[in-house]
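**Q** starting from these lines, generate the structure:
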Amino acid sequence: MSTTARNSGGPTYRRKAPIGPIVRRWYTVPEVAEMLGYGPTKVRMMCITGDLRSLKDGGSRRILPAWVDEYVAMRAAEAEADWP
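**A** Below you'll find the model as predicted:
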């Protein structure tokens, strides 16, 4: 860390990177289930069947935010196509 002198004579420390909210890189199955209003079992099945893209991270499934958006857009397009 770099130091600069203060008026009081003691060192002050500056952080090299700003500290802010953590940006989510992926969601868990329960988080996606809550977002979509589904149960966790349904979301897991959607992942297994390929309706919702996901990846395995150890023993857990992870879902990227863009993949949730893709699923919602796909469902909206299907609904639009079925609309008379």
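**Q** which strands or helices does the longest helix along the chain pack on?
**A** Once the chain is assigned using DSSP state H, the helix that runs over the most residues is helix 65-82. Using 3 or more CB pairs under 8 Å, 6 or more residues apart in numbering; DSSP states H and E as the contact definition, the elements that helix 65-82 packs against are helix 29-36. Every residue, glycine included, has its C-beta placed from N, CA and C.
**Q** what sits against V68?
**A** Contacts here follow CB atoms under 8 Å, 6 or more residues apart in numbering; on that basis V68 touches Y27, V32, M35, L36, L52.
**Q** swap that for L36, sorry
**A** Listed by CB under 8 Å, 6+ apart, the contact set of L36 reads V43, V68, Y71, V72.
**Q** just give the nearest non-adjacent residue to the last one, would you?
**A** Among residues not flanking V72 along the chain, L36 sits closest, at 7.7 Å (CB to CB, 6 or more residues apart in numbering).
**Q** low-confidence stretches in this structure?
**A** Scanning the chain with the threshold set as pLDDT under 70 gives 1-10, 15, 17-18.
**Q** mind doing that once more with 50?
**A** For the chain, the stretches with pLDDT under 50 are 1-2, 5.
**Q** tell me, what residue is most central in the chain?
**A** When the chain is reduced to its mean C-alpha position, the closest residue under CA atoms, centre = their mean turns out to be W26, at 3.2 Å.
**Q** most neighbours, which of the contacts of L36?
**A** V43 (27 neighbours; other CB atoms under 10 Å).
**Q** list the buried residues for the one helix or strand it maps to?
**A** Here V43 is covered by helix 40-49, with elements defined by DSSP states H and E. Neighbour-count burial for helix 40-49, counted by 16 or more other CB atoms under 10 Å, picks out V43, R44, M46, C47.
**Q** can I get the CA coordinates of that helix in PDB?
**A** Extracted as PDB, the C-alpha positions of helix 40-49 are listed here (Å, rounded to 0.1, in the frame of the first residue of the first chain):
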ATOM      1  CA  PRO A  40     -36.100 -25.300  -6.700                       C
ATOM      2  CA  THR A  41     -36.900 -28.800  -8.000                       C
ATOM      3  CA  LYS A  42     -38.500 -27.300 -11.200                       C
ATOM      4  CA  VAL A  43     -35.400 -25.100 -11.800                       C
ATOM      5  CA  ARG A  44     -33.100 -28.100 -11.400                       C
ATOM      6  CA  MET A  45     -35.200 -30.100 -13.900                       C
ATOM      7  CA  MET A  46     -35.100 -27.200 -16.300                       C
ATOM      8  CA  CYS A  47     -31.300 -27.200 -16.000                       C
ATOM      9  CA  ILE A  48     -31.100 -31.000 -16.500                       C
ATOM     10  CA  THR A  49     -33.400 -30.900 -19.600                       C
END
